[in-house]
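1. no letters, just coordinates:
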Ligand code: PDD
């Protein structure tokens, strides 16, 4: 069962995790958010709830009130006494929703230092701006990742890159950042934070279509996401990237200042 801790929240009620039944709560049309908890506090919560409202609007689904969700997040953290981890909010409609701690896996120090291996994978997410459970695609990519012994797949369809299966992607060339346009990807919260950090440091960010043929022109590449934060990529298929480029290391440092306060 994809749940940890002692309690979860089901429809605004504090509930023992034994009563959580994944099949009643999560389906292929559920919208969801994964929020990272650092030192008892959710990171970028407002941004996550704003994106959740957008997902709900995109698929015409009614949301519980924001204050109710915020109070539930606080209660969940307090009652479980879990200082650091990931929580998942899943909403089917305003009468059928839940929040719980889920098992997480964060990259190791070595992965941050040496970067991770990735491979291209032919797929696109329909309605990419909505964070909707797509159970079959997620299962297929998880199997592929495991089989190949890699960290992540990068979706590429008709040779156009979009995003990772659970992350966004950035590239660096001549001290400037490149990432795929927001219309083609999940508007990642970490992606937004990276763009904000770049703008605050006068680093140019190009949001442009990127084809697989162009990948070899880039000096460096990294993934962004709630669990990986900013994670250097060492390879995409047979292509190698610089994992020590100073701009990427600066972004990693600035990002960690935002989450550790
Ligand atoms: N997913 N793109 C996709 C397809 C994702 O599923 C995710 C995150 C991201 C990164 O978004 P963020 O920076 O807001 O985490 C990009 C999560 C966390 C998941 O499904 O578990």
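-> Nice, thanks for sending it over. Since we're looking at a predicted model, the values are computed, not measured.

2. secondary structure element holding residue 202?
-> Taking DSSP states H and E as the definition, one finds residue 202 inside no helix or strand.

3. revised request: answer the last question for residue 154.
-> Counting by DSSP H and E, residue 154 is part of strand 152-157.

4. any residue of the helix or strand that comes right after that strand touching the ligand?
-> Downstream of strand 152-157, the first helix or strand assigned by DSSP H and E is strand 160-164. Yes. Strand 160-164 lies within reach of the ligand by C-beta under 6 Å from any ligand atom, at residue 163. Just so you know, the C-beta spots here come from the backbone N, C-alpha and C atoms, and that holds for glycine as well.

5. how about the helices in the stretch 101-250 of the chain?
-> For the stretch 101-250 of the chain, the helices defined by DSSP state H, counting those that start in this stretch occupy 109-114, 135-148, 189-200, 246-260.

6. contacts for the shortest one, please.
-> What it means is helix 109-114. With C-beta atoms under 8 Å, 6 or more residues apart in numbering as the test, helix 109-114 has contacts from 151, 231, 232, 234, 243, 252.

7. how about 7 Å then?
-> Contact with helix 109-114 is made by 231, 232, 234, 243, as judged by C-beta atoms under 7 Å, 6 or more residues apart in numbering.

8. report the buried residues of it.
-> Neighbour-count burial for helix 109-114 flags 111, 112 (criterion: 16 or more other C-beta atoms under 10 Å).

9. likewise for the second one?
-> Counting neighbours by 16+ other C-beta under 10 Å, one finds that the buried residues in helix 135-148 are 137, 141, 145.

10. neighbour-wise, which of the contacts of helix 109-114 leads?
-> Counting by other C-beta atoms under 10 Å, residue 231 has the largest number of neighbours within these, with 26 neighbours.

11. enumerate every residue touching that one.
-> 107, 111, 112, 116, 222, 223.

12. and with 10 Å instead?
-> With contact set as C-beta atoms under 10 Å, 6 or more residues apart in numbering, residue 231 has these partners: 106-107, 111-112, 115-116, 118, 151-152, 164, 167, 190, 221-225, 243, 248, 252.

13. quick check: bridge partners of the residue positioned nearest the centre of the chain?
-> Centroid-nearest residue in the chain: residue 225, 3.6 Å away (criterion: C-alpha atoms, centre = their mean). For residue 225, the beta-bridge partners are residue 229 (DSSP bridges).

14. ok, it touching residue 192?
-> No. Counting by C-beta atoms under 10 Å, residue 192 is not a contact partner of residue 225; they are 11.9 Å apart.

15. what sits in contact with each of these two?
-> residue 168.

16. for the protein, where's the lowest mean pLDDT among helices and strands?
-> Ranking every helix and strand in the chain by mean pLDDT, DSSP states H and E puts helix 22-25 at the bottom, with a mean of 79.
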